[in-house]
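Participant: next come a sequence and a model predicted from it.
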Amino acid sequence: MVRLGIEVLLAEPARADAMRLAGVRVGLLCNQASTDSRLRHSRDLLRQILPGQLTCLFTPQHGFFADRQDNMVESPHAVDPATGLPVFSLYADSRRPTKEMFDLIDVLLVDLQDVGTRVYTFIWTLAYCLEAAAQWGKRVIVLDRPNPVGGEIIEGGLVRPEWTSFVGLYPLPMRHGLTIGELARLLNDHFAIGAELDVVSMQGWRRWMLFRHTGLPWVFPSPNMPTPETALVYPGQVIWEGTNVSEGRGTCLPFELCGAPYWRPEEIRARLPAEALAGCVLRPVAFEPVSNKWRGDLCFGFQIHVADPSLFRPLRLSLALLAAVMDLPAFGYKEPPYEYEYERLPLDLILGDDGVRCRLEAGEPVAAIEADWRPELAKFDQLRQAFFLY
């Protein structure tokens, strides 16, 4: 079984000494999924080995208990009922930590379960914390965790400079193939953030591993990421957030389901190229969301069953589905705001480039778009390897 960064830190006292943690004030960026393999929360474990040193907690989008459902549903600052520590929300009136927050700490420990997709905002909260740490002279230590969709496959184009946002602050592809510790190293060094950064690596994780291979329990890091299988489809299915198509929010299978009342699944599937269906089965379904888009309306669409993750390309599939439905009369794009952007089209922010949408609207095949991504993806692949820990 894989040994998490938090477990390595606890099991090896010399590691804590090497990280210069003795006697310093410590903050922890975490949420409810920040547990060890026995489901013990990191804040409780850290209080055992650093008694009296944990001064505050920080939480990303969705809140400490991952209870906030959707985009731009903020979490207030709070007090942790278990410890009495202040909990600073980094998804509130500001997404950046303030100097007053960082004045309480000398070192920020980061123990977050990422999902391997550029749009997932936890990594950008980490980026803001690295920027703040560099500005105010604090240290950051990332306790590494698995990328649940593996570390081998990368997918999608890089974010264009004019399309940066809180779902893409730096130019990454949609599926980046890095652990959160590796990603922190890349952001900090390659993009010259310049914080004092250390990573406590896992033991036993290999790049080919999906989360089910790790032997670790899955604790949902956000309310619509209930299983590792959700994470497998998310790099593609997240694009529906920028449309009037249901991405399955308000059902028991968010992101694994998609559809709308105006979809005709068999007709849509007939329009998909064969390569889009590699490694998966689209099973026609009907579902009725109890919240979010099309609440209370019967939707027709698909459940995505991933049969072979090594062949499955989630973004390719979802873009092919988008191309197959975007000319339907009832199809529409979500209007702003989206992740605190009030003018730019949400779908373009999600894709990191308005060119993808425009090319699909013009009838270009997804394969042509992917072909144009290959040179920049090859460069990114070479870049990321310099920051591999496994």
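Facilitator: Arrived safely.
Participant: can we go C-alpha only for contacts and neighbour counts from here?
Facilitator: Noted.
Participant: what's stretch 365-372 in contact with?
Facilitator: Residues outside stretch 365-372 that contact it (C-alpha atoms under 8 Å, 6 or more residues apart in numbering): 156-157, 316, 319-320, 356, 359-360.
Participant: in that stretch, what's buried?
Facilitator: 366, 369-370 (16 or more other C-alpha atoms under 10 Å).
Participant: for the residues you listed, which one is nearest residue 1?
Facilitator: Distance ranking of the buried residues of stretch 365-372 against residue 1, using C-alpha to C-alpha, places residue 370 first at 35.7 Å.
Participant: helix/strand/coil for that closest one?
Facilitator: Local secondary structure at residue 370 is given as helix here, using DSSP: H, G, I helix; E, B strand; the rest coil.
Participant: residue ranges for the helices of the stretch 101-250 of the chain, please.
Facilitator: Shown for the stretch 101-250 of the chain, the helices assigned by DSSP state H, counting those that start in this stretch span residues 122-136, 180-190, 228-237.
Participant: who are the packing partners of the shortest one?
Facilitator: Okay, so that is helix 228-237. Packed against helix 228-237 by the contact rule (3 or more C-alpha pairs under 8 Å, 6 or more residues apart in numbering; DSSP states H and E) you find helix 314-325.
Participant: tell me what the helix it packs on is packed against?
Facilitator: helix 228-237, helix 265-270, helix 366-385.
Participant: figure out which of these is closest to residue 172.
Facilitator: Of all these, helix 366-385 comes closest under C-alpha to C-alpha, at 7.9 Å.
Participant: quick one: that closest one to chain centroid distance?
Facilitator: 20 Å (C-alpha atoms, centre = their mean, to the nearest Å).
Participant: from here on, call the first residue 38.
Facilitator: Done: numbering now begins at 38, and the last item shifts to helix 403-422.
Participant: re the thing from before, closest to residue 210 out of the helices of the stretch 138-287 of the chain?
Facilitator: From those, taking C-alpha to C-alpha, the stretch that ends up closest is helix 265-274, at 9.9 Å.
Participant: give me the mean pLDDT for the closest one.
Facilitator: For helix 265-274, mean pLDDT is 98.
Participant: isn't residue 241 right next to residue 40, touching?
Facilitator: Yes - in this structure, residue 241 is within contact of residue 40 by C-alpha atoms under 8 Å, at 6.3 Å.
Participant: not counting sequence-adjacent ones, nearest residue to residue 346?
Facilitator: residue 316 (6.2 Å; C-alpha to C-alpha, 6 or more residues apart in numbering).
Participant: which SS state does the residue lying closest to residue 338 once chain neighbours are set aside fall under?
Facilitator: With C-alpha to C-alpha, 6+ apart as the criterion, residue 338 has its nearest non-adjacent residue at 4.0 Å, and that residue is residue 296. In three-state terms, and counting by three-state DSSP, residue 296 is strand.
Participant: these two touch, right, residue 296 and residue 337?
Facilitator: Yes - between residue 296 and residue 337 there is a contact at 5.3 Å, judged by C-alpha under 8 Å.
Participant: of those two, who's got more company?
Facilitator: residue 296 (27 against 20; other C-alpha atoms under 10 Å).
Participant: quick one on the thing from earlier: ok, residue 241 and residue 40, which is more surrounded?
Facilitator: residue 40 (20 against 12).
Participant: who's in contact with the residue nearest to the more buried one when sequence neighbours are not counted?
Facilitator: Nearest non-adjacent residue to residue 40, counting by C-alpha to C-alpha, 6+ apart: residue 240, 4.9 Å away. By C-alpha under 8 Å, 6+ apart, the contact set of residue 240 is 39-42, 45.
Participant: quick check: residue 240 vs residue 250, distance?
Facilitator: From residue 240 across to residue 250, the span is 14 Å (C-alpha to C-alpha, to the nearest Å).
Participant: again, but for residue 347
Facilitator: Relative to residue 250, and taking C-alpha to C-alpha, residue 347 is found at 14 Å.
Participant: name the residue closest to the centre of this protein, please.
Facilitator: residue 157 (2.8 Å; C-alpha atoms, centre = their mean).
Participant: since that was my last question, I'll sign off now.
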